[in-house]
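**Q** Sequence below, structure please.
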Amino acid sequence: MSLVFAGICSHAPGITGRASMADAALREPLYAAYRRLREQLIAARPDALVVVAAEHFANFFMNNMPSFAIGMADCYSGPIEDPAWLAIPRTRIPGNAALSHDLIRQIMQTVDVAFAEEWRFDHGIMVPLSFLTPAYDLPVVPANINCQGPPLTPLHRAWAFGEALRRAADSVPQRLALIGTGGISHWPATPDSGKINEAWDRQLLDRWVRNDKAALLSYSDLDTYRDAGQGGFEIRTFISVAAAARGPGHLQHYAPIPIFAVGCTIATMDVAA
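**A** Numbers count the residues shown, from 1 in each chain. The predicted model follows:
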């Protein structure tokens with residue numbers, strides 16, 4: 001069929017794990033934006049949801065760190081973290097191994113991608129799913145981009161991965177939704193945790209909404225590390241969604257929430273021909 005929905009959202013563990021500590025005036029508009037994103041996702045009637053997330057050393061480590069990986073199983077589990085810490089109960093999430101196989105085979109025509117028949121979801125996938133598919137009844141195809149262990153996946157390769165995802169989506173009979181999850185600016189697990197560069201975030205989102213390829217690919221890792229922290233490397237997931245969707249985006253929510261340690265983002269992008 002084709003890609004029928006595309007969006008991005010934040011996945012910081014504090015969004016669920018520290019919910020009670022957040023100012024309700026900041027927390028509730030974010031939660032409302034997640035609910036609107038869920039409603040839009042449901043309205044698109046997808047048969048499966050492809051989630052492009054960042055690796056947090058949950059399934060891959062420096063002894064084997066693929067630039068790109070896709071899950072190929074009929075069932076997944078998560079969260080890998082302590083459920084009490086993340087405030088998300090451990091559960092089983094449906095997959096679709098046959099669909100994953102078809103997507104991987106197509107993507108491999110232009111982008112080298114690893115695959116895994118076992119995958120435990122961490123907060124990068126579980127936080128968004130807890131809002132978007134709280135009944136965990138929509139099959140998920142997890143995808144991972146190396147945003148953690150240098151040498152990081154180059155930005156232009158993240159764009160190429162998104163283009164390959166779109167070609168693969170166009171080649172299968174199922175209706176697919178695509179969500180990219182990540183930062184934007186944040187300094188997790190450092191003394192600067194809670195720091196947020198709002199100006200940098202808003203510039204990135206402006207470029208994303210305009211689907212300005214040249215501007216999105218102009219960031220260097222050194223500049224991103226300086227201005228957006230190591231968490232800023234997760235812009236790769238947003239870039240891949242822009243490449244796949246092709247259309248202009250719509251920023252639905254952005255707010256820096258220090259207790260969640262990230263600039264919290266919800267946005268969609270038109271799926272253009």
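**Q** Tell me which stretches of this structure form helices.
**A** Under the criterion DSSP state H, the chain contains helices at 14-17, 24-43, 83-86, 97-107, 123-132, 155-171, 198-209, 213-216, 221-228, 235-245.
**Q** which strand is the longest one in the protein?
**A** If you go by DSSP state E, the chain has its longest strand at strand 246-257.
**Q** Just want the angle from that one to helix 24-43.
**A** With axes from the mean of the first three to the mean of the last three Cα atoms, to 10 degrees as the basis, strand 246-257 and helix 24-43 are set at 150 degrees to each other.
**Q** Residue 61: neighbouring residues, count only.
**A** 11 (other Cβ atoms under 10 Å). Glycine gets a C-beta too; all of them are placed from N, C-alpha and C.
**Q** From residue 119, how far out is it?
**A** In this view, residue 61 and residue 119 are 14 Å apart by Cβ to Cβ, to the nearest Å.
**Q** Would you map the strands across the stretch 51-200 of the chain?
**A** In the stretch 51-200 of the chain, the segments counted as strands under DSSP state E, counting those that start in this stretch are 68-71, 75-78, 91-94, 114-116, 140-145, 175-182.
**Q** Figure out which of those strands is closest to residue 24.
**A** Closest of these to residue 24 is strand 175-182, at 23.7 Å (criterion: Cβ to Cβ).
**Q** Could you give the average pLDDT over stretch 25-38?
**A** Average pLDDT, stretch 25-38: 98.
**Q** quick one: contacts of it?
**A** 7, 9, 15, 19, 131-133, 252-253, 255, 257, 264, 266, 268 (Cβ atoms under 8 Å, 6 or more residues apart in numbering).
**Q** Now find how far off-centre it is within its chain.
**A** Centre-to-centre, stretch 25-38 and its host chain are 17 Å apart (Cα atoms, centre = their mean, to the nearest Å).
**Q** Which strand residues bridge residue 250?
**A** Applying DSSP bridges to residue 250 gives these bridge partners: residue 268.
**Q** which residues touch it?
**A** With contact taken as Cβ under 8 Å, 6+ apart, residue 250 is in contact with 209, 267, 268, 269, 270.
**Q** If we use 7 Å, what do you get?
**A** By Cβ atoms under 7 Å, 6 or more residues apart in numbering, the contact set of residue 250 is 209, 267, 268.
**Q** from memory the second one sits against residue 7, does it?
**A** Meaning residue 267. Yes. Applying Cβ atoms under 7 Å as the test, residue 267 and residue 7 come out as touching, 6.3 Å apart.
**Q** okay, and for the stretch 1-150 of the chain, where does confidence drop off?
**A** Applying pLDDT under 70 to the stretch 1-150 of the chain flags residues 1.
**Q** Tabulate the contacts of residue 250 (TSV), appending pLDDT, neighbour count and distance to residue 114.
**A** Below are these laid out as TSV (pLDDT from 0 to 100; neighbours: other Cβ atoms under 10 Å; distance: Cβ to Cβ, whole Å):
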residue	pLDDT	neighbour count	distance to residue 114
209	98	16	31
267	98	22	28
268	98	24	29
